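Novice: sequence plus predicted model, see below.
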Amino acid sequence: MSRKQGKQAQARLNRRALLGAAAGAGALLGGRMRAASAGKAAGGVSVPENGRRYARAPLAKPVVTVSAVQSRVRAVDGDNPAPGIRANLAHMLELIDKAQFYGGHKDLLCFHEFPLQGWNPWDRKALRRLAIELPGPETEAIAAKAREHDCYIQFGAYAVDRDWPGHILSITSIIGPDGRLVARDWKARNIKGVFPGFELLTTTIYNVLDRYIEMYGADAVVPVHRTPIGNLATSSTQLEPELFRTMALKGAEIILRTATGGFTPEDIQMCARYNRVYAVIVNNAVSPDNPGFMDDAGGGAGGSAIYGPDGKALAVAASKFEQQVVAPIPIADFRARHAIPDVHWPLYAPAFAAYRPRYEPGLFEDYLPESLADAKRYLDGKDRWPA
């Protein structure tokens, strides 16, 4: 073992000593919020032995109404982001009122990946300026609307966390009708090798996997939130069926997915069908005055939808313009018949045990790229599948 490896091993041991009690107790997300992980198995992960008896909270009502609010995306000024964030927040709050104004009460409003800040190829310095804290002033304003309308509100945002200095996080949050943060979920992983000339530089769970587990526990890696409107899981990750299967194995009943700039509809449809759960996808609408992009936001606007456990669409956006896509979910009836997926794991375990990921986890524990181009340079050097 080299001196550097020895120091890294000692650092990991020190972290475990300091944080082991928190990890064993289930941990606080971001040091402030406990992960929802009732019914953990002996290994610390909440997958039940009996797939019909997964952990859940009592339901508040037999049918819940879900709205996917397809709204514009508008990037803020990376040098002076505060005015843009205020304007985007005001627009989001207005849309919350509009969504609840007509067509009956909605129990859950879902927004896309970046309604507050938008997206542009910012470097780390700009992202530090525009990232928000959770909780913070923006979430307090959204929480006030959640209390006013007695509903859950889900949305994504760039965020910073005092427990992770220097890191920029992509977080999907859920605020409950009491105004409290129900979920504060990190993005599981970033897609790699698809963007021309750059890679994403936000820190994901996979980027710091060992330290994340040490701090928050294994169950927080793929969290499921057991609420009175159903077991909810969130993700801004695309085309990762293993992630959504894991959510379903842990009892997710409604998987809330976000996108900005496009997604693959079949991915969402099969997420619902293969796991026999409800799946919601919220994308951005046509977005005038979005710096650097045409109004169609790179050709990927629209398509927000809600799918049922049979993979059939319950509701789909009628256009690419701002609108809400609404569907009732008979959660009590669904729960009475539902079981987690029946996976024949012994057939596949040898292949997964032998598999070697293209990029090892934890690459952002030792180095944080300063720009998208720097992220590509760094990750290209860590590619374990060379051409």
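Specialist: It's in.

Novice: go ahead and flag the most central residue of the chain.
Specialist: Residue closest to the mean C-alpha point of the chain, counted by Cα atoms, centre = their mean, is Ser235 at 3.0 Å.

Novice: phi, psi of that one?
Specialist: Backbone torsions for Ser235, taken as degrees, to the nearest 10, come to phi -170, psi 140.

Novice: that one reaches Ile255, doesn't it?
Specialist: Yes: judged on Cβ atoms under 8 Å, Ser235 makes contact with Ile255 at a distance of 7.0 Å. C-beta: built from backbone N, CA, C; applies to glycine.

Novice: any common contacting residues for the two?
Specialist: When Cβ atoms under 8 Å, 6 or more residues apart in numbering defines a contact, the residues bordering Ser235 and Ile255 alike are Phe244, Met247.

Novice: shaky segments in the chain?
Specialist: Counting by pLDDT under 70, the chain shows low-confidence ranges at 1-43.

Novice: just the helices in it please.
Specialist: Using DSSP state H, the helices of the chain run over residues 3-24, 82-101, 124-130, 137-149, 209-216, 241-249, 265-275, 331-337, 345-354, 372-380.

Novice: go through these and name the closest to Thr202.
Specialist: Among the helices of the chain, helix 124-130 comes nearest to Thr202, with 7.8 Å by Cβ to Cβ.

Novice: buried residues, the closest one. List them.
Specialist: Arg124, Ala126, Leu127, Leu130 (16 or more other Cβ atoms under 10 Å).

Novice: outside of that helix, which residues touch it?
Specialist: 76, 78-79, 81, 85, 117, 122, 158, 160, 168, 201-202, 368-371.

Novice: hey, which strand is longest across this protein?
Specialist: strand 152-160 (DSSP state E).

Novice: in contact with the closest residue to Pro309 other than its chain neighbours, which residues?
Specialist: In space, and not counting its chain neighbours, Pro309 is closest to Arg276: 4.4 Å by Cβ to Cβ, 6 or more residues apart in numbering. Counting by Cβ under 8 Å, 6+ apart, Arg276 makes contact with Ala248, Pro309, Asp310, His338, Pro341.

Novice: alpha carbons only: can I get stretch 68-86 in CSV?
Specialist: The C-alpha coordinates for stretch 68-86 follow below in CSV (Å, rounded to 0.1, in the frame of the first residue of the first chain):
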residue,chain,number,x,y,z
ALA,A,68,-47.1,17.3,-13.7
VAL,A,69,-46.6,21.0,-14.2
GLN,A,70,-44.9,21.4,-17.5
SER,A,71,-43.3,24.9,-17.2
ARG,A,72,-40.6,26.9,-19.0
VAL,A,73,-36.9,26.7,-18.3
ARG,A,74,-35.0,30.0,-18.2
ALA,A,75,-31.3,30.1,-17.3
VAL,A,76,-30.2,32.8,-14.8
ASP,A,77,-27.2,35.0,-15.3
GLY,A,78,-24.2,33.1,-13.8
ASP,A,79,-22.5,36.3,-12.9
ASN,A,80,-25.5,37.9,-11.2
PRO,A,81,-28.0,35.1,-10.6
ALA,A,82,-30.2,36.6,-7.8
PRO,A,83,-32.6,38.6,-10.0
GLY,A,84,-33.1,35.6,-12.3
ILE,A,85,-33.8,33.2,-9.4
ARG,A,86,-36.3,35.6,-7.9
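
Novice: what comes up buried for that stretch?
Specialist: For stretch 68-86, a neighbour-count test (16+ other Cβ under 10 Å) marks 68-76, 78, 81, 84-85 as buried.
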